[in-house]
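Peer 1: everything below, folded, please.
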Amino acid sequence: MHKRILACLLIAMFAVSAAGCGSSTSNSSQPKAEKKSLVIAYTPWTGYGALFIAKEKGMFKNKGIDVELQSIEGVGDRKQAFVADKIQAMATSMDVSVSAIGEGVPMKLLWAFDSSNGADGLIVKKGKGIEKVADLKGKEIAFHKGSTSHFFLSNILEKEGLSDNDVKAIDMKASEAASAFMAGKVDAAVTWEPYLSKASAAGDIVLSTTKDTPGLIADVLAFREDFVKDNPETVQAIIAVLAEATDYMNKNPEESNKILADAFKMKPEEISSDIKTIKFYDLAGNLEFFGTKDQPGPIYDIGKKAGIFYVNLKLLSQAPDLTKSIDDSFMTKLKK
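Peer 2: Numbers count the residues shown, from 1 in each chain. Here you go, the predicted model:
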């Protein structure tokens, strides 16, 4: 489905959902009790480790909150579930959140999990004459169009004076791109760990990673705006739990690696390797990343770049104003 058509569908779906919620509210004179349960969607990414640590260690339960973690890898599927209120929050990359906001989906960005520091990258087959990014001109590259992988690729191509039009895109999800690459069906692919390490171990070339684009690929927790408005205590508790879980990960790496290995069906040593390519944000890191009203943090610049990316793809008519969506009020209340 064309992105613009999908965007209209998503907005229409949200309008119907919002109208239903509004009708229910207006017919009741009693204040609604806060919801203590919600579904958070995620993609299989070690950077979202705090969610799984919190779940496994009972941190959500200790706050009286029932959180279901649901894996939804497809960007479109995740957005549709979000708009339809099948999920109330999603762990996703900053650029995907920006595209959704630009499509008119009301959401709040309340927490940053991490930024990629070598965990995402471009792999190429050895012996195909691709030694540097400039050699990609005219080559086939497998990546998910309109995704974080595409955002990363566009940035590294731009550094070499190239654009998307200079390469032949093969549209597929990051995990599928990695599988196609490993099977020898494509000569180049944009994907993430552990596929980068597997490609390197197989003798292929990791041509570029997010170490070349510091801070560009960040991951955040985005909530439905109406859920935040109607359930501030629940949201506050979740942000507190994520801060607690991140601290737990930092203090208990071996146990955390085992928990994440079980969650992602990987080996603990693979998780340990992944984590070396990720910069996790604890509470202090989040406060710095979000900044203040007078001194905005890096999240605003990353969001601006993502907005321009989607405008250039003609998926958005204009870059969205993120000042209404980026909200540091919940994490600020945790500041000691």
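
Peer 1: so how far is the helix or strand where residue 240 lies from its chain's centroid?
Peer 2: Take DSSP states H and E as the rule and residue 240 turns out to sit in helix 232-251. With Cα atoms, centre = their mean, to the nearest Å as the basis, helix 232-251 stands 18 Å off its chain's centre.

Peer 1: tell me which other helices or strands it touches.
Peer 2: helix 49-56, helix 59-62, strand 107-116, strand 218-224, strand 278-280, helix 283-290, helix 329-332 (3 or more Cβ pairs under 8 Å, 6 or more residues apart in numbering; DSSP states H and E). Yep, even glycine has a C-beta here, placed from its N, CA and C like the rest.

Peer 1: and those: which comes nearest residue 100?
Peer 2: Each of the helices and strands packed on helix 232-251 has some distance to residue 100 by Cβ to Cβ; the shortest is strand 107-116, at 6.4 Å.

Peer 1: packing partners of the closest one?
Peer 2: In terms of contacts (3+ Cβ pairs under 8 Å, 6+ apart), strand 107-116 is packed against helix 94-102, strand 218-224, helix 225-230, helix 232-251, strand 278-280, helix 283-290, helix 329-332.

Peer 1: next secondary structure after that strand?
Peer 2: Next along the chain after strand 107-116, taking DSSP H and E as the criterion, comes strand 120-124.

Peer 1: list the buried residues of the helix holding residue 240.
Peer 2: Using 16 or more other Cβ atoms under 10 Å as the test for burial, helix 232-251 gives 234-246, 248-249.

Peer 1: between that helix and strand 218-224, how many degrees?
Peer 2: Counting by axes from the mean of the first three to the mean of the last three Cα atoms, to 10 degrees, helix 232-251 points 160 degrees away from the direction of strand 218-224.

Peer 1: avg pLDDT for helix 232-251?
Peer 2: Averaged over helix 232-251, pLDDT sits at 98.

Peer 1: quick one: it to strand 107-116, angle?
Peer 2: Here helix 232-251 points in a direction 0 degrees away from that of strand 107-116 (the same axes, to 10 degrees).

Peer 1: so how far is the helix or strand following helix 232-251 from its chain's centroid?
Peer 2: Downstream of helix 232-251, the next assigned helix or strand under DSSP H and E is helix 253-264. Helix 253-264 sits 20 Å away from the centroid of its parent chain (Cα atoms, centre = their mean).

Peer 1: contacts for helix 253-264?
Peer 2: Helix 253-264 has contacts (Cβ atoms under 8 Å, 6 or more residues apart in numbering) with 44, 46, 49, 52-53, 56-57, 248-249, 266-272, 275.

Peer 1: filter the residues you listed down to the buried ones.
Peer 2: 46, 49, 52-53, 56-57, 248-249, 266, 268, 270-272, 275.

Peer 1: out of those residues, which two sit at the greatest distance?
Peer 2: Comparing all pairs in those by Cβ to Cβ, the longest separation belongs to 57 and 270, at 21.2 Å.

Peer 1: just give the nearest non-adjacent residue to residue 118, would you?
Peer 2: Leaving aside its chain neighbours, residue 118 sits nearest to residue 277 (3.8 Å; criterion: Cβ to Cβ, 6 or more residues apart in numbering).

Peer 1: repeat for residue 96
Peer 2: Leaving aside its sequence neighbours, residue 96 sits nearest to residue 75 (Cβ to Cβ, 6+ apart; 5.7 Å).

Peer 1: least trustworthy helix or strand in this protein by mean pLDDT?
Peer 2: Within the chain, no helix or strand scores below helix 3-26, which has a mean of 41 by mean pLDDT, DSSP states H and E.

Peer 1: buried sites along whichever helix or strand comes after that helix?
Peer 2: With elements assigned by DSSP H and E, the helix or strand that comes after helix 3-26 is strand 37-42. Buried positions in strand 37-42, judged by neighbour count with 16+ other Cβ under 10 Å: 38-42.

Peer 1: coming back round to it: dump the helices and strands packed on helix 232-251 to JSON lines, plus distance to residue 315 and mean pLDDT.
Peer 2: Output for these, formatted as JSON lines (distance: least, Cβ to Cβ, whole Å; pLDDT from 0 to 100):
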{"stretch": "helix 49-56", "distance to residue 315": "28", "mean pLDDT": "98"}
{"stretch": "helix 59-62", "distance to residue 315": "34", "mean pLDDT": "98"}
{"stretch": "strand 107-116", "distance to residue 315": "17", "mean pLDDT": "97"}
{"stretch": "strand 218-224", "distance to residue 315": "18", "mean pLDDT": "97"}
{"stretch": "strand 278-280", "distance to residue 315": "27", "mean pLDDT": "94"}
{"stretch": "helix 283-290", "distance to residue 315": "25", "mean pLDDT": "96"}
{"stretch": "helix 329-332", "distance to residue 315": "30", "mean pLDDT": "96"}
